[in-house]
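Engineer: Following is a predicted model, sequence given first.
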Amino acid sequence: MLANMKGFGSLKSPIFVKTAGFAFVALAFFYLGKHWSDDSYQQLIFFSSNSDLNAKTSSISISPNFNKTFDVKSLINDTNVVETLADQTSAANQQTPLLSPPSPPPPPAVQRLGLVDENGVMRDEFEVGEYDPDAVESLNNETSMAEGDKGDRVRVRVPKFEVCPVSLREYIPCLDNNEAIKGLKSTAKGEKFERHCPEKDKGLNCLVPAPKGYKAPIRWPRSRDEVWYSNVPHAQLAEYKGGQNWITVDKDKFKFPGGGTQFIHGADKYLDQISKMVPEIAFGNHTRVALDVGCGVASFGAYLFSRNVLTMSIAPKDVHENQIQFALERGVPAMVAAFATRRLLYPSQAFDLIHCSRCRVNWTRDDGILLLEVNRLLRAGGYFAWAAQPVYKHEPLLEEQWEEMTNLTTRLCWNLVKIEGYIAIWQKPLNNSCYLNREPGTLPPLCDKNDDPDDVWYVDLKPCLSRLPEDGSGSNITNWPERLNNPPQRLQIIKLDAYISRNDLFKAESRYWKEIIDSYVRALHWGAFKLRNVMDMRAGYGGFAAALIGNQLDCWVMNVVPVSGPNTLPVIYDRGLLGVMHDWCEPFDTYPRTYDLIHAAGLFSIEQKRCNITSIMLEMNRILRPGGRVYIRDSISVIYELEVIGKAIGWRVAIRETAEGPHASYRILTCDKNLR
């Protein structure tokens, strides 16, 4: 009894009373809060646990939402309101976070508008920028707004682009600069056939017209044998070379029987003869890249295509000035170039075979300085084929020329491999040993060790023998087609900052362009374009061209390496591709209407600090065939600016969006040039 009384007394203790009271109040507020938590009642008080783990008591705080009315259901569904409320609460009471914050809603579905998905693979579906035909209906002065990288608007002023006079329909700015040519001190060594570009701000500022009656070019391989007369309306060459089986006129077409001055019975038989003379030449295997000097209408190179050989056909714009134009219309790689006083724009050890058939070049002048340039261009162990009258005619003057040629080639350490009929073939040595073992004082001397044989932009010819690399690079390439994808040894001499393996960079670029071109072929139907003449304006290691070959697109690519970047031309040629060095602040050495497709990746972002990008776009328009296409990949701000210029030129323009990687955002500007 006494024990029970003691227990009952303990219930009356102050501690028990306080605890019971606190629990009662808590339950009351819980009940009231739950009961009043409908859409119309104010939320008065909330509980918070102290962030201090050592605290012995809980605290009651006045809600910052006191005297405010909220729609609780909308708060749950509207993440923006919840975030705003949470921000206000945090600012009002930093130490009183909510006990149980609502779970965030699922993230919205990612909407991808670009060409490339999250794996960097081209999508089959994508959005295309709108094209406003009214924008190019009339080519008037136009001021437009281009969007910057941060969404800001950049004012772009586009000049009025009128159609050039008909007299400029075959205009090559740096080779047709008559004013500069007239001012030359001498033309005895062919200076008038070299580059003499217009002064700054005096270049082409109009749209070069096509000939009257111009038609879409006949497609390869038919174009090897015939082209439209209206596209190159010049019959003089057919009249002048009619008896040599170069070219004939047949109604509305030019026909190309495949002959040449020294092979009037056809290029195929001529190539067979060379193969039998020197089987080691092995067209399409050991020999992949050739140079044809004084090419005529380029039948030599045209017929080498069927043997997996790429041939750069060159000739000056001389009395036969349209021969390169015919070559390009046929779909054969060609450009206007001359052996005169400067180095050609190709690297050292570029060509497996160099061919000259009655090319009208005096190889022995100035102690052989022109043949020294051939020696620089010829790959170690490569071949020089010369078909000319001194080889087979026995006349005093011609015999004297032959003696001079054999004497010079001996001093160059070339080995005369074979003479047959009217063809003589020499082979260049594989290393420097013969050069070093010549008699002291033998001319020409070896070039200084500091001379860079790959330095070609406005570099004068040098009266010396270019040294071969001591490691044998350039001569130790694999055969075709393996060499296309093998990182060549000369990759290591490229002057660039690289913190990872050069071979890894090479492979990464090849893979990058393979995926993109695979996607272009699939999503943009490049296979239906029937491309033939293609230019890559910023070629890098040639990955774009290699990807076209991988997709079996029957075209050739002029890989242009800008002077503003590293000289990767040796790598391009070691892969079995063609290319040239160029400065895009100046016009290119080719006729108007040369290329079916022009590709520029990241070019304008780099060159806009050096060059007038409007001038570059006008040059692209000059060398683009009517009906041709331009693909420009660049930063957002540059693309929007180029879009305005493209419309003013008269191109049909569309912008396709793509995101590649977490830190890169690009636009692709596609432009179509009207056929008329």
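Structural biologist: Now that the structure is in, tell me what you want to look at. Numbering: from 1, shown residues only.

Engineer: In this structure Ser475 contacts Pro488, no?
Structural biologist: No. Checked against Cβ atoms under 8 Å, the pair Ser475 and Pro488 is beyond contact range at 10.9 Å. For glycine as for every other residue, the C-beta is placed from the backbone atoms N, C-alpha and C.

Engineer: quick one: which of these two has more around it?
Structural biologist: Taking Ser475 and Pro488 together and counting by other Cβ atoms under 10 Å, Pro488 has the greater number of neighbours (23 against 18).

Engineer: My guess is the more buried one contacts Gly472. True?
Structural biologist: No. Here Pro488 does not reach Gly472: they are 11.7 Å apart, not a contact under Cβ under 8 Å.

Engineer: residues shared between the contacts of these two?
Structural biologist: Here Pro488 and Gly472 have no joint contacts, going by Cβ atoms under 8 Å, 6 or more residues apart in numbering.

Engineer: Please name the residues that touch the nearest residue to Gly576 once chain neighbours are set aside.
Structural biologist: Closest residue to Gly576 apart from its sequence neighbours, by Cβ to Cβ, 6 or more residues apart in numbering: Arg288 at 4.1 Å. Arg288 makes contacts with 308-310, 352, 479-480, 483, 576, as judged by Cβ under 8 Å, 6+ apart.

Engineer: One more: Pro217?
Structural biologist: The contact partners of Pro217, taken as Cβ under 8 Å, 6+ apart, are 223, 227-228, 231, 329, 331, 532, 596, 625.

Engineer: ok, now Cys585?
Structural biologist: Residues in contact with Cys585 (Cβ under 8 Å, 6+ apart) are 607, 610-612, 615.

Engineer: Let's see which of these end up in helices.
Structural biologist: 607, 615 (DSSP state H).

Engineer: Which helix or strand contains Leu291?
Structural biologist: Applying DSSP states H and E as the criterion places Leu291 in strand 289-293.

Engineer: and Asn437, how many neighbours?
Structural biologist: 9.

Engineer: Ignore what I typed, I meant Val309.
Structural biologist: For Val309, the neighbour count with other Cβ under 10 Å is 23.

Engineer: Surely it and Asn285 touch.
Structural biologist: No. Between Val309 and Asn285 there is no contact under Cβ under 8 Å: 9.5 Å.

Engineer: Now do the SS call for Gly579.
Structural biologist: Using DSSP: H, G, I helix; E, B strand; the rest coil, the structure places Gly579 in strand.

Engineer: and the end-to-end length of stretch 200-218?
Structural biologist: With Cα to Cα, to the nearest Å applied, stretch 200-218 spans 37 Å between its terminal residues.

Engineer: For it, list every residue counted as buried.
Structural biologist: 203-204, 206-211, 214-215, 217-218 (16 or more other Cβ atoms under 10 Å).

Engineer: Distance from the chain centre to stretch 279-293, please.
Structural biologist: When C-alpha coordinates are averaged (Cα atoms, centre = their mean, to the nearest Å), stretch 279-293 and its chain have centres 26 Å apart.

Engineer: What's the PyMOL syntax to select whichever of the contacts of Arg288 are buried?
Structural biologist: Entered in PyMOL, the line below selects the buried ones among the contacts of Arg288, by 16+ other Cβ under 10 Å:
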select buried, resi 309+310+352+480+483+576
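
Engineer: Pick the one among the contacts of Arg288 closest to Cys164.
Structural biologist: Cys164 lies nearest to Leu310 out of those, by Cβ to Cβ, at 32.6 Å.

Engineer: Each with direction, which strands does the strand holding Leu291 pair with?
Structural biologist: Within its sheet, strand 289-293 is paired with strand 310-315 (parallel), strand 351-357 (parallel), according to DSSP bridges.

Engineer: Could you list the low-pLDDT ranges of this structure?
Structural biologist: Across the chain, the ranges flagged by pLDDT under 70 are 1-157, 159, 242, 498-499, 658-666, 676.

Engineer: So if we follow the domain assignment, how does it break up?
Structural biologist: As assigned by the TED database, the chain contains the domains 261-437, 483-673.

Engineer: who's in contact with the closest residue to Ile354 other than its chain neighbours?
Structural biologist: Spatial nearest neighbour of Ile354, chain neighbours left out: Leu291 (4.6 Å); criterion: Cβ to Cβ, 6+ apart. Listed by Cβ under 8 Å, 6+ apart, the contact set of Leu291 reads 311-312, 314, 346, 350-351, 353-355, 377.

Engineer: Likewise for Pro257?
Structural biologist: Going by Cβ under 8 Å, 6+ apart, the list of residues near Pro257 reads 245-248, 266.

Engineer: I figured Asn567 hits Leu345, correct?
Structural biologist: No. Under the criterion of Cβ under 8 Å, Asn567 is not in contact with Leu345, lying 11.0 Å apart.

Engineer: shared neighbours of the two, anything?
Structural biologist: Common contacts of Asn567 and Leu345 (Cβ under 8 Å, 6+ apart): Met581.

Engineer: count of neighbours near Ser433?
Structural biologist: By other Cβ under 10 Å, neighbour count at Ser433 equals 10.

Engineer: which ones are touching it?
Structural biologist: Applying Cβ under 8 Å, 6+ apart, no residues qualify as near Ser433.

Engineer: can you check the one 3 residues further on too?
Structural biologist: When contacts are counted by Cβ under 8 Å, 6+ apart, Leu436 is found next to Leu446.

Engineer: Quick check: phi and psi on it?
Structural biologist: phi -70, psi -20 (degrees, to the nearest 10).

Engineer: hmm, back to that, make a ChimeraX selection of the buried ones in the contacts of Pro257.
Structural biologist: Entered in ChimeraX, the line below selects the buried ones among those, by 16+ other Cβ under 10 Å:
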select :245,246,247,266
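
Engineer: closest to Ala238 among the contacts of Leu291?
Structural biologist: For Ala238, the nearest member of those is Ile314. The distance, counting by Cβ to Cβ, is 21.2 Å.

Engineer: That closest one touches Met335, doesn't it?
Structural biologist: Yes. The criterion here is Cβ under 8 Å, and Ile314 meets it with Met335 at 6.1 Å.

Engineer: Settle it for me: which of these two has more neighbours?
Structural biologist: Ile314 (25 against 22).

Engineer: which residue packs closest to the more buried one, ignoring adjacent ones?
Structural biologist: Using Cβ to Cβ, 6+ apart, the nearest residue to Ile314 is Ala337, at 4.1 Å.

Engineer: What's the local residue count around that neighbour?
Structural biologist: 25.

Engineer: again with the one 5 residues further on
Structural biologist: Close neighbours of Arg342, defined as other Cβ under 10 Å, add up to 19.

Engineer: list the contacts for it?
Structural biologist: 194-195, 458-461.

Engineer: send the alpha carbons of stretch 504-519 over as CSV?
Structural biologist: C-alpha atoms of stretch 504-519 as CSV (Å, rounded to 0.1, in the frame of the first residue of the first chain):
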residue,chain,number,x,y,z
ASP,A,504,46.8,8.8,-81.6
LEU,A,505,46.0,12.2,-83.0
PHE,A,506,46.2,10.7,-86.5
LYS,A,507,43.9,7.8,-85.6
ALA,A,508,41.5,10.1,-83.7
GLU,A,509,41.1,12.4,-86.7
SER,A,510,40.5,9.5,-89.1
ARG,A,511,37.9,8.0,-86.8
TYR,A,512,36.2,11.4,-86.3
TRP,A,513,35.8,12.0,-90.0
LYS,A,514,34.8,8.4,-90.7
GLU,A,515,31.8,8.7,-88.4
ILE,A,516,30.8,12.1,-89.8
ILE,A,517,31.1,11.0,-93.4
ASP,A,518,29.3,7.8,-92.7
SER,A,519,26.5,9.9,-91.3
